[in-house]
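S.K.: predicted model and sequence follow; I will ask about them next.
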Amino acid sequence: MSETGSPKGQEFEHMLGQSDKRVAQFDDRPKGLVEKLQHMLHGNPTLVPVIVLVAAIVVFGLVAGDRFFSPFNLSLILQQVSIIGILAAAQSLIVLTAGIDLSVAAIMVLMSVIAGNLAVYMGVPPVLALAVAFAGGTGAGLMNGFLVTKVKLPPFITTLGTWSIFYALNLWLSGAQSIRSQDIDKNAPLLKFWGEGFAFFGAKVTYGSLLMIAVFLGLWYMLNKTAWGRHVYAVGDDKEAAELAGIQADRVLLSVYGMAGLVCAIAAWAAIGRVGSISPQSFYEGNLQSITAVVVGGISLFGGRGSILGALFGALIVGVFQSGLRLANVDVLWQVFAIGWLIIIAVAIDQWIRKVSK
C-alpha cells in the first residue's frame with residue numbers, strides 16, 4: 001500500500017486540507033477599520049500630508065487666532081517655503097528612484113553665484129547668464145547621475161562628495177564674498193524678478209511662490225501623464241524588474257538626476273529674488289530641509305511610491321509648524337525639537353503603510 005493510502009497518510013492529507021481551509025478563511029476574513037485605513041493610505045499616499053496640513057492649520061489657528069490667519073502671515077508662510085519647496089521638488093525626483101541627493105542646495109547656490117558673477121561683474125546679458133546657470137545645474141545633476149549609474153556609487157556617498165565639491169567651487173568663484181543687492185539692481189535686475197509680487201486681499205504674493213507651484217504642477221504632469229514618469233516609478237519600485245520589462249533603467253536615472261539639477265538651477269534664480277542678494281554660504285541647511293519636506297510629504301524613502309505633490313504639502317506643513325509655534329511664543333529650540341519628531345512620525349507612518357504590500 002502507498003504511504004498516502006495508509007492511515008497516517010490519510011490523516012496527513014486531512015490535516016493539510018484543514019490547513020488550506022483555515023488559510024482560505026483567514027485570507028477572506030473582513031478587514032477591520034485600521035486595515036481599511038492602511039490600504040486606503042497605501043493607495044493614496046498624499047492623503048496623509050493633506051490631513052496633517054489641515055489639522056496643523058486648525059490647531060495653530062485656534063492657538064494663535066487671527067494672527068495666524070492674517071493675510072500677511074499666510075503669504076509669509078508661502079514665501080518662506082518657496083525656495084525649500086522647489087528644492088524638495090528636485091529631491092522628490094531622486095527619492096522616487098530610491099536614491100537621495102545631498103547636493104541640491106549646493107547646486108542651487110553654485111548656480112546663483114555663476115549667474116550673479118556673469119551678469120553683475122562680467123557684463124553678460126542676464127538672460128544668457130541664466131541660460132548658463134540652467135545648463136550648469138543640469139550638468140551638475142548629470143554628473144551625479146553618471147557617478148551613480150556608470151561608476152555604480154551609492155547615491156548617498158556620491159552626492160555627499162559632490163556637495164563638498166560644489167560648495168568649494170561656490171567659495172572659489174565668489175571669493176567668499178556676497179553680491180550686494182544694490183549691484184544686482186544696477187546691473188541685472190532680472191535676477192531679482194521672482195522676489196517681486198502683487199497685492200492680493202492684503203497679502204503680498206510673490207512670483208517666486210507661484211513659480212514653486214508651477215514647478216510642482218509641471219513635474220506632477222510629467223510623472224503621471226508621460227511614459228517617462230511611469231518609468232521613473234518602475235525603476236524606483238524595482239530596478240531589476242524594470243530592466244526585465246525593457247526599461248533602460250540607467251538612462252532613466254541619468255535623466256532624473258539631470259532634471260533635478262535643472263530644477264535646482266531654477267531654484268537658484270528664485271533664491272536671488274527671495275533673498276535680494278547672492279551669498280555663497282546661504283541655504284546651508286537646504287539639503288536637510290528638502291529631505292524633511294519629502295519625508296513629511298509621504299514620499300517613501302524606499303522609492304517607487306508617493307506623489308510629488310506630497311513634497312509641496314510637506315514643505316507647507318513645516319512652514320505652518322514653524323509659523324504657528326513662533327506665534328505661540330515657543331522657543332526656537334523647541335521648534336526644532338517638534339520638527340524632529342514630525343520627521344520620525346512621518347517615517348514611522350510610511351513604514352506602517354508599506355506593510356500592506358508585504
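M.R.: Good, I have the coordinates.
S.K.: in the helix or strand hosting residue 317, what counts as buried?
M.R.: Using DSSP states H and E, the element containing residue 317 is helix 308-327. Across helix 308-327, burial judged by 16 or more other C-beta atoms under 10 Å covers 308-327. Where you see a C-beta, it was placed from the backbone N, CA and C, and this is true even at glycine.
S.K.: repeat that for stretch 344-353.
M.R.: The neighbour-count criterion (16+ other C-beta under 10 Å) identifies 346, 349-350, 353 as the buried residues of stretch 344-353.
S.K.: so which of the residues you listed comes closest to residue 147?
M.R.: For these, the closest approach to residue 147 (C-beta to C-beta) belongs to residue 350, at 27.2 Å.
S.K.: now do the same contact list for that closest one.
M.R.: Residue 350 makes contact with 295, 298, 300-301, according to C-beta atoms under 8 Å, 6 or more residues apart in numbering.
S.K.: would you format those as a markdown table with neighbour count and pLDDT included?
M.R.: Putting those into a markdown table (neighbours: other C-beta atoms under 10 Å; pLDDT from 0 to 100) gives the following:
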| residue | neighbour count | pLDDT |
| --- | --- | --- |
| 295 | 27 | 89 |
| 298 | 27 | 86 |
| 300 | 22 | 85 |
| 301 | 16 | 86 |
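S.K.: circling back to that earlier point, would you list the buried residues of stretch 344-353 in TSV and tack on distance to residue 95?
M.R.: Below are the buried residues of stretch 344-353 laid out as TSV (distance: C-beta to C-beta, whole Å):
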residue	distance to residue 95
346	13
349	16
350	11
353	15
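S.K.: and those residues, which of them are in helices?
M.R.: Among the buried residues of stretch 344-353, DSSP state H puts 346, 349-350, 353 in helices.
S.K.: CSV for the buried residues of stretch 344-353, including distance to residue 195 and pLDDT?
M.R.: Formatted as CSV, these follow (distance: C-beta to C-beta, whole Å; pLDDT from 0 to 100):
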residue, distance to residue 195, pLDDT
346, 31, 80
349, 36, 77
350, 35, 72
353, 39, 73
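S.K.: quick one: which of the residues you listed is nearest to residue 137?
M.R.: Taking the buried residues of stretch 344-353 together and measuring to residue 137 by C-beta to C-beta, the closest member is residue 346, at 28.1 Å.
S.K.: thought residue 295 was touching the closest one, still the case?
M.R.: Yes: if you go by C-beta atoms under 8 Å, residue 346 and residue 295 touch, sitting 5.0 Å apart.
S.K.: could you look up the SS state of residue 204?
M.R.: Following DSSP: H, G, I helix; E, B strand; the rest coil, residue 204 is assigned to strand.
S.K.: ok, it - contacts?
M.R.: Here residue 204 is in contact with 72, 75, 79, 197-198 (C-beta under 8 Å, 6+ apart).
S.K.: and of those residues, the nearest to residue 273?
M.R.: Nearest to residue 273 among those is residue 197, at 9.4 Å by C-beta to C-beta.
S.K.: please read off the pLDDT at the spatially closest residue to the closest one that is not a sequence neighbour from the model.
M.R.: Nearest non-adjacent residue to residue 197, counting by C-beta to C-beta, 6 or more residues apart in numbering: residue 206, 3.8 Å away. Predicted confidence (pLDDT) for residue 206: 93.
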